[in-house]
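1. Here is my input; please provide its structure:
(2 chains)
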Amino acid sequence: MIVALLAAALALPAVAAPYADAKAAYDAGDFERAASAFSALVAETPGDAALRYDLGNALLKSGRLGRASASYQRAFDLDPRDGDGRRNLDFALKRAGEELAPPGVPGPAFTAFTALSSRELAGLHWLAAWATLILAGFSLLGAAERRARLRDWLLGAGAAWLLFGLWWAGLRAVLPPGRGVIIESRAELRNGPGEKFTVGYTAPEGRRVRILSDAGAWLEVGLLKEGVKGWVLATSVEKL
Amino acid sequence: MALVVCAWLTAASAAAADLSVTAALNTAHVAFGEQLVLSVAISGSGSASPKPPLIPDVEIYESGKSQSMSIINGRVSSSVVYTFVLAPRKAGRYVVPPIEVPGATPTAPLEFIADAAPKPDIPAAAPPPAAPPSQPGMPVPPTNPAISHPTPPEARPTGGPTPDAFVTATLEKNRAYVNEQVTLTVRFFTAVPLLGAPQYDAPKLTGLLAENFGADTQGTTMVGGRSYNYSELKSALFPVQAGRALIGPAAVVVQIPRRGAANTGDDFFDRFFSMQAPEARRLQTDPLTLQAEALPPGAPEDYSGVVGQLSVTASVDRAQLKAGEALNLTVVVSGVGNIKSLPEPKRPDLPSVRFFDSESSVKLERFGDKIGGTKTFKTVVVPRVSGPLEIPPVTVSYYDPAKRSFERAKSAPVKLTVLPGDPNAALPVVGPGTTSAPGVTEVASDVSYLKAPGGRSAVGDALAAFGATGPWHALPVLFFLTALGVDWRRRTASANPRARRASEARGVAAQRLKQAEAQPEAERARATALLGEALTGFFADKFDQPAAGLTLKAVTHRLQNLKTPPTAAELARLKSVWDELDLLRYAPSGAGQAEVKRLADEIRDLTLAFEKGGIS
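-> Predicted coordinates for the structure are as follows:
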């Protein structure tokens, strides 16, 4: 026990020191070094939304809009209720000619819709599913008296299951899993997976895309805002 | 001559007495992006000119003026028509306020509507007015050429002998896009010396704006074997909206010497005395039409409305200044096209910079047969905060008819160094007695600052972890399915009691056997009775009969009539056990514990064998 406590005490400064270094580099305006340091921290703790947010800041300040946007998007996926993260993602998206809220959707409505992350909604969906199935099982096994007693609970759990299931499905439709961000300026979208195909569109750096198919060196992507698709070099896209 | 001058002066003084002003719009509906023309006509004399009306959200500029003079029954009347172009900047209903000219009654207000969506197909304008009857010897102007075939420079009157003077009007092409330049060439030919300067009456334009090319061209040419002096005047026409635009007759009023019948002699005095009063003759062309077509779809949001070729430059008068100080930003748009109608390019969205209202000036130039020039916008700019400042490129979109596409001209960005200004001067000024607090002004937009790691939501993490448990989510499904199966079985059993009794027969028998084995030594008779009840009860349940009175013979008979009857050995075992139980039932001591155990095992084996054999 003593050994474990000692190890924990020694480990805390070891984690805090790289963050302090990264923050110092950021404060000094050395955004490249800050980006490297934050990137190393993110590799150690990939589930920390704040670190991904900080990495996005350093990348944006060092001029890498596409990678910054990807990092902000990951932070948003992890912690959508963070106002700063939401604001910075919107800031980066606007630079690429896009906005966080889809066109025509009021900002407050989109904020409410994305208040829970996909992972949290998945958890709530399964929790409601467990409750509904277990209550239904007990209700089936019990006598008529027990069934009457469990009826309201069963209905509530079923409604919650339906609500969270639909919400989760809607969120996955708006923010689908197979997404990416353009990380090169004016990436060329071709009509096929190769240089021999003509360029149909160009997409600015930082624009979010949906990855439709993967052919190794080439990815078929769809631009979420414009609704057009094309093939782009895999090196031009950072998958989310 | 003195008579003519007197008549002129008399007419002029009469005109001054009845000065009037009228205003008219060429249309009451335009599509957003199109322009309309306000014509203000001032009849009478005087040097007053109308001021452009002020209409919010409408770009207004003066397109020129035309003066016309007419002599009807010896009375001279003149009018000046000032043309203003109105370009609405957004859709909506607009009111042109009354036009005021000193000494005249103001005009009535006018209304027009700018539709949000471009009109897909604008009906053709009113049919052109009937051409005035051709005067004797009046030349017939050539037909409008096709778009790609410009009119040959030479024009010739057709039919009859060559006249002493005539006038022609030709269009460069008869189809054009809205706001695309089309050159109108008016030529006046004369083969005789004229008395006095000819008066040119410019054609009345409907749905068109005109810019003159400047000085006219003069020369000599042969038409029909006769030598003519000619004057050529070119104008650039710009259709203001889609549909049919009209170019009225171009007219020239000339004084041609009238000669008597015997004026062909060589003697000077004969010719002089045979001359009569000069003949005032009005020569005019037939009206022309121009089909204006809407631009193809796909215009960018910042489309300026110009059809031609443009370039943009942006410059400042100094590259370094203090925050709060002003500098001049000059944006020059130059090129070919209706540069006069160009609105101010959109200002960059820079919250850290304050832009004041712009002043614009236009300089028109001639580029061969095209008109263009430069439009300069000067803006005072005041940076609010210190630091490096880059004014982003200024862009102007236009339609290039040569490339048949919308293009965007872009200036280079302007880089400035803004030094810290006087802190006191930078403070917002609040006047004495002002109770309202100064508002918050966003001066620059940037990302929010760093965020310390950690601080994650435990509930959120727990939910996420629970959602990612994968195959474990099958557990409640299995439980539910099991419960569903149990419930189904229960419902089925309650619906068929005979089947339920048969299915539970072996279980009941097993329970009785267990009870028999558990009986103490003193209860041998009870144990023996339980063994018998287990065996007879099993068959009674299977055959749905009362256990009392069930004999070995009846059981054997039922067993032998089954679809798959038991073997003889099994029947023999059954008989043996049945007989042994009957014997023990009537024995005074009953069965010992060991015997009970043996018999219970035997009955278990038998019931299992019959159960497997499909007894029912």
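
2. outside of the strand or helix carrying A:Tyr72, which residues touch it?
-> In the assignment (DSSP states H and E), A:Tyr72 maps to helix A:65-78. Here helix A:65-78 makes contact (Cβ atoms under 8 Å, 6 or more residues apart in numbering or on different chains) with A:42, A:47-50, A:52-53, A:55-57, A:59-60, A:82, A:85-86, A:88-89, A:92-93, A:95-96, A:114, A:117-119, A:175, A:179-184, A:205-206, A:208, A:238, A:240. For the C-beta atoms, the positions are set from N, CA and C on the backbone; glycine is no exception.

3. Just the CA trace of that helix, in PDB.
-> Taking C-alpha atoms only, helix A:65-78 is exported to PDB below (Å, rounded to 0.1, in the frame of the first residue of the first chain):
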ATOM      1  CA  LEU A  65      -6.100  24.600 -39.500                       C
ATOM      2  CA  GLY A  66      -7.100  21.100 -40.700                       C
ATOM      3  CA  ARG A  67      -5.400  19.200 -37.900                       C
ATOM      4  CA  ALA A  68      -6.600  21.800 -35.400                       C
ATOM      5  CA  SER A  69     -10.200  21.300 -36.600                       C
ATOM      6  CA  ALA A  70      -9.800  17.500 -36.200                       C
ATOM      7  CA  SER A  71      -8.500  17.900 -32.700                       C
ATOM      8  CA  TYR A  72     -11.300  20.200 -31.700                       C
ATOM      9  CA  GLN A  73     -13.800  17.800 -33.200                       C
ATOM     10  CA  ARG A  74     -12.400  14.900 -31.100                       C
ATOM     11  CA  ALA A  75     -12.600  17.100 -28.000                       C
ATOM     12  CA  PHE A  76     -16.200  18.000 -28.900                       C
ATOM     13  CA  ASP A  77     -17.000  14.300 -29.400                       C
ATOM     14  CA  LEU A  78     -15.700  13.600 -25.900                       C
END
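
4. Just the pLDDT for the residue nearest to the spatial centre of chain B.
-> Among the residues of chain B, the one closest to the centroid is B:Glu301, at 8.1 Å (Cα atoms, centre = their mean). You'll see B:Glu301 listed with a pLDDT of 80.

5. helix, strand or coil for it?
-> Under DSSP: H, G, I helix; E, B strand; the rest coil, B:Glu301 falls in the coil class.

6. before we move on, the earlier item: filter the contacts of helix A:65-78 down to the buried ones.
-> Burial by neighbour count, 16 or more other Cβ atoms under 10 Å in any protein chain shown: within the contacts of helix A:65-78 this picks out A:42, A:48-50, A:52-53, A:55-57, A:59-60, A:82, A:85-86, A:88-89, A:92-93, A:95-96, A:114, A:117-119, A:175, A:179-184, A:205-206, A:208, A:238, A:240.

7. In strands only, show me these.
-> Of the buried ones among the contacts of helix A:65-78, the ones assigned to strands by DSSP state E are A:Arg179, A:Gly180, A:Val181, A:Ile182, A:Arg208, A:Glu238.

8. Return the member of these nearest to chain B.
-> Chain B lies nearest to A:Val181 out of those, by Cβ to the nearest Cβ, at 16.1 Å.

9. Now do the contacts for that closest one.
-> By Cβ under 8 Å, 6+ apart, the contact set of A:Val181 is A:Gly66, A:Arg67, A:Ser69, A:Ala70, A:Gln73, A:Gly206, A:Arg207, A:Arg208, A:Val209, A:Val237, A:Glu238, A:Leu240.

10. And these, which two are furthest apart?
-> Greatest spatial distance among those (Cβ to Cβ): A:Arg67 and A:Val209, at 14.2 Å.

11. More neighbours: which of these two?
-> Between A:Arg67 and A:Val209, A:Val209 has the larger neighbour count (other Cβ atoms under 10 Å in any protein chain shown), namely 28 against 23.

12. If you count contacts, what does the longest helix seen in chain A end up packed against?
-> Secondary structure of chain A read by DSSP state H shows that its longest helix is helix A:144-174. Secondary-structure packing of helix A:144-174 (3 or more Cβ pairs under 8 Å, 6 or more residues apart in numbering or on different chains; DSSP states H and E): helix A:107-113, helix A:118-141.

13. circling back to that earlier point, return the distance of the residue nearest to the centre of chain B relative to B:Thr395.
-> Look at B:Glu301 and B:Thr395: by Cβ to Cβ, to the nearest Å, they are 11 Å apart.

14. residue ranges with poor pLDDT in chain A?
-> Where chain A drops to pLDDT under 70, the residues are A:1-16.

15. Name the residue closest to the centre of it, please.
-> A:Asp77 (2.8 Å).

16. Please name the residues that touch B:His557.
-> B:His557 makes contact with no residue under the criterion Cβ under 8 Å, 6+ apart.

17. switch to 10 Å and redo it
-> B:Thr551 (Cβ atoms under 10 Å, 6 or more residues apart in numbering or on different chains).

18. Angles on the backbone of it, please.
-> Main-chain dihedrals, B:His557, degrees, to the nearest 10: phi -60, psi -40.

19. and what of B:Lys597?
-> Backbone geometry at B:Lys597, expressed as degrees, to the nearest 10, gives phi -60, psi -40.

20. neighbours of it, just the number please.
-> When counting by other Cβ under 10 Å, one arrives at 15 neighbours for B:Lys597.

21. what's the closest non-adjacent residue to it?
-> Nearest non-adjacent residue to B:Lys597, counting by Cβ to Cβ, 6 or more residues apart in numbering or on different chains: B:Glu517, 6.0 Å away.

22. now do B:Gln519
-> B:Gln519 sits nearest to B:Ala527 (Cβ to Cβ, 6+ apart), 3.8 Å away.

23. Quick check: which element contains the one you found?
-> helix B:524-543.

24. And the longest helix of chain A, what's buried?
-> Neighbour-count burial for helix A:144-174 flags A:Leu150, A:Leu154, A:Ala157, A:Gly158, A:Ala160, A:Trp161, A:Phe164, A:Gly165, A:Trp167, A:Trp168, A:Leu171 (criterion: 16+ other Cβ under 10 Å).

25. Please tell me how far it is from the chain's geometric centre.
-> Helix A:144-174 sits 26 Å away from the centroid of its parent chain (Cα atoms, centre = their mean, to the nearest Å).

26. Report the angle between it and helix A:118-141.
-> For helix A:144-174 against helix A:118-141, the angle by axes from the mean of the first three to the mean of the last three Cα atoms, to 10 degrees is 160 degrees.
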